[in-house]
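Visitor: 3D model of this:
(one chain, ligands or ions: 1)
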Amino acid sequence: MFATKGLLARLKDGENIIVAEGYVFEFERRGLLKAGAFVPEVVLEDPEWVRQLHEEFVRAGSDVVLAFTYYGHREKLKVIGREQDIETLNINALKIARDVANKTNTLMAGNICNSTVYKRDNQASIEQAEAMFKEQIEWAVKEKADFIVAETFSELGEAMLALQCIQKYGNGVPAVVTLIPHSQNTTFDGLTYGQACRKLEDAGAAVVGVNCGRGPITTLPLLKEIRQACKGPIAALPVPYRTTTEQPTFQSLTDPVTGVQAFPVDLPAYACSRSQIRQWAEEVKQLGVQYVGLCCGNASHYLREVAEVYGRKPVASKYAPDMTQHFIFGNRVDSDTYYTKDVKRFL
Ligand SMILES: [Zn+2]
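Guide: Residues are numbered from 1 along each chain as shown. Below you'll find the model as predicted:
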């Protein structure tokens, strides 16, 4: 049905996949989604904005239109008293994403995530999580997702359950499964990220890796470990914030002035520069990260950097910076003029 070459064929041919995530944070920033619950209500209230952000991310280089169903699961909708809207939200999000993907020749992915109910030794909670995964996976299949992203799992157990559900209810669609790295260098259930990713790969995930949680710099050591442990394609989608060895996650960053936790609304104090994103992209490209993108905090100007490092020239590259055109810092023919000599002194 779709002219676009599928995920598995691309990966097999050694192609890279650029992926824009970060919808929750971007809509929160725009005043279209509430921080705290972080439920994608914008899909119900202002769906045209969702379509537009998908299109914007594709223009910036994304190969994937990720249906905005992150935290669109039953438990999260319960938090805001809108459980009755769950099917409408999911179907609408998937239809919008499918439509944009068809029009832009990109891939459409369904999206499931940490259930917030899973407890490893509690069978009832595991069954509840399975039921939540099942309905979202079935909606994604119904709306013709090319693959399903299962993401931000703190422990292997829940990630494995999500993968098994995609295999059980997903009608054969490939699964991209990523863990969220926290401050410790192990998952909540005590595995290194290399070990956990290898287990997910062995269990049949098409792509494994990490997303969210850590910034580019503190994600790198984990990626090296995952690259060594796994044989197939690996994924990296950090948050574009300046995390450090002392504060390795964006939840652990404290405001440089007040010392108060910066997550989530005061994080702009730690926004990465575009140069940092570019440098990180160069490093992970070298490392052989085949599925690459950015999570919470992502915006088009960042994603374009990643896409360009990976050899792409997306539509938005037409407007990539060119400071040679600047009236003070650029290459003016009259370089000895008032502007370049006199004005610069006052900047
Ligand atoms: Zn994120």
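
Visitor: drop to CA atoms for contacts and neighbour counts, all remaining ones
Guide: OK.

Visitor: any idea where the helices of the stretch 151-300 of the chain begin and end?
Guide: Secondary structure of the stretch 151-300 of the chain (DSSP state H, counting those that start in this stretch): helices located at 156-169, 193-202, 216-229, 274-287, 300-309.

Visitor: residues contacting the residue of the stretch 1-150 of the chain found nearest the ion?
Guide: Ranking the residues of the stretch 1-150 of the chain by distance to the ion (Cα to the ion) places residue 22 first, at 5.7 Å. By Cα atoms under 8 Å, 6 or more residues apart in numbering, the contact list for residue 22 reads 294, 295, 296, 297, 298, 299.

Visitor: one more time with 7 Å, if that's ok
Guide: 294, 295, 296, 297, 298 (Cα atoms under 7 Å, 6 or more residues apart in numbering).

Visitor: Could you find the closest non-adjacent residue to residue 21?
Guide: Distance criterion Cα to Cα, 6 or more residues apart in numbering; nearest residue to residue 21, sequence neighbours excluded, is residue 295 at 4.7 Å.

Visitor: Which positions in this structure make contact with the ion?
Guide: By Cα under 5 Å from the ion, the residues of the chain that approach the ion are 212, 295, 296.

Visitor: In stretch 133-147, which residues are buried?
Guide: Across stretch 133-147, burial judged by 16 or more other Cα atoms under 10 Å covers 133-141, 143-147.

Visitor: Revised request: answer the last question for stretch 170-185.
Guide: 170, 173, 174, 175, 176, 177, 178, 179, 180, 181, 182, 183.

Visitor: got it, and stretch 231-244?
Guide: Buried, per 16+ other Cα under 10 Å, within stretch 231-244: 232-244.

Visitor: before we move on, what about stretch 43-50?
Guide: Of the residues in stretch 43-50, 43, 44, 50 count as buried by neighbour count, 16+ other Cα under 10 Å.

Visitor: From the residues you listed, which land in helices?
Guide: 43, 44, 50 (DSSP state H).

Visitor: So the second one sits against residue 87, correct?
Guide: Spelled out, it's residue 44. No - assessed by Cα atoms under 7 Å, residue 44 is found out of contact with residue 87, at 10.7 Å.

Visitor: Just the pLDDT for residue 339.
Guide: Residue 339 carries a pLDDT value of 69.

Visitor: I'd like the numbering to begin with 10 instead of 1 from here.
Guide: Shifting the count to begin at 10 puts that one at residue 348.

Visitor: What count of nearby residues applies to residue 215?
Guide: For residue 215, the count of nearby residues is 20 (other Cα atoms under 10 Å).

Visitor: Give the residue spans of this protein that score low on pLDDT.
Guide: The model of the chain has pLDDT under 70 over residues 10-12, 342-346, 348-349.

Visitor: If we use 50, what do you get?
Guide: Within the chain, the segments meeting pLDDT under 50 span 10.

Visitor: And the strands in it?
Guide: 26-29, 73-75, 116-122, 156-162, 184-188, 216-220, 243-246, 300-303 (DSSP state E).

Visitor: So which of the ones you listed is nearest residue 85?
Guide: With distances scored as Cα to Cα, the stretch of the strands of the chain nearest to residue 85 is strand 116-122 (11.0 Å).

Visitor: Specify the angle between the closest one and strand 156-162 in degrees.
Guide: If you take axes from the mean of the first three to the mean of the last three Cα atoms, to 10 degrees, strand 116-122 sits at 30 degrees to strand 156-162.
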